[in-house]
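would you be able to build a 3D model of this:
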Amino acid sequence: MSTTYAITVDGHLDDHGADRFRGLGIARNDDGTSILTGPITDQAQLYGVLAALSGIGATLLSLRVIEPAPSPVLDRPLHTDRLTIRPAKAEDAEATWSFRRLDAVTEWLTSRPAGFDDWRTVFSAPARLATTAVVELDNTIIGDLMLRREDAWSQQEVAGQATGTQVELGWVLDPAHTGRGYAAEAAGELIRYCFEDLGVRRIVAVCFYDNEGSWRLMERLGMRREQHGVRDSLHRNGQWLDSLGYAILAEDWKPTRP
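Here you go, the predicted structure:
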């Protein structure tokens, strides 16, 4: 199994004799440095590249492993009668910010970005994109959804059997499009996808107790209330509020679409 490295050296490397770098790509930066990037299969190959750099007198500035971008939990667009639910892209940040910036939306969300630049940074992070889907109505983004696959709690001896068996869902809808059933339609399709396509056994969702619209949606989706925490969640207004946890098992799910 190979690991992708980024090796930065002082000076501009030329392509002559690039084969000594074991097929790594060479990028030359405006600051006078060069970066070698590419997969390296083992420590012997890595040592060979470093020795080749040393042999030409290149000064090593940094050596780091490039973590692969996580795969999206939603791997393709889904379609309902009215909506398209598709994997999020970095360029969707501006469209989602149009409703994410509203006080009526951020009231119950985990974070409230200071401005669009902050939101774009958060939204476009690879880990965030991998767990985010957007909801489109007639090619216009009207909401976004969280779809986070996770391991169920288990005892150590059976941990492997609990890997990836659970999904946590979350949703945000543009207030201009509420009251028409879009959130239930989109979330219901994600539930179908999780059970039928991902093959998970359990789906969970949480919210503040005061966020009535969210927990009523959970109940419309067939989820059952499993947890009521009493003043266990601190709101940004400084108050400790109750929280609710809902869940549904694959065996209890009833498809609503033909």
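
what about residue 92, how many neighbours?
A total of 20 residues lie near residue 92 under the criterion other CB atoms under 10 Å. C-beta: built from backbone N, CA, C; applies to glycine.

I figured residue 152 hits residue 159, correct?
No - using CB atoms under 8 Å, residue 152 is not in contact with residue 159; the gap is 9.4 Å.

the more surrounded of the two?
Each of residue 152 and residue 159 has its neighbours counted (other CB under 10 Å); residue 152 has more, 15 against 12.

list the contacts of the more buried one.
162, 165, 166, 201, 202 (CB atoms under 8 Å, 6 or more residues apart in numbering).

so how do I select the buried members of the residues you listed in ChimeraX?
Here is the ChimeraX command that selects the buried residues among the contacts of residue 152 (16 or more other CB atoms under 10 Å):
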select :165,166,201,202
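
from the contacts of residue 152, which land in helices?
Cross-referencing the contacts of residue 152 against helices under DSSP state H gives residue 162.

so which of the contacts of residue 152 belong to strands?
Residues of the contacts of residue 152 located in strands (DSSP state E): 166, 202.

specify which member of the contacts of residue 152 is nearest to residue 172.
Nearest to residue 172 out of the contacts of residue 152 is residue 166 (CB to CB; 21.1 Å).

report the contact partners of that closest one.
Applying CB under 8 Å, 6+ apart, the residues contacting residue 166 are 149, 150, 151, 152, 200, 201, 202, 203, 204.

run through the bridge partners of it.
Note on residue 166: beta-bridge partners residue 150, residue 202, judged by DSSP bridges.

now residue 53. Nearest residue, chain neighbours left out?
Leaving out its chain neighbours, the residue that sits closest to residue 53 by CB to CB, 6 or more residues apart in numbering is residue 9, at 5.9 Å.
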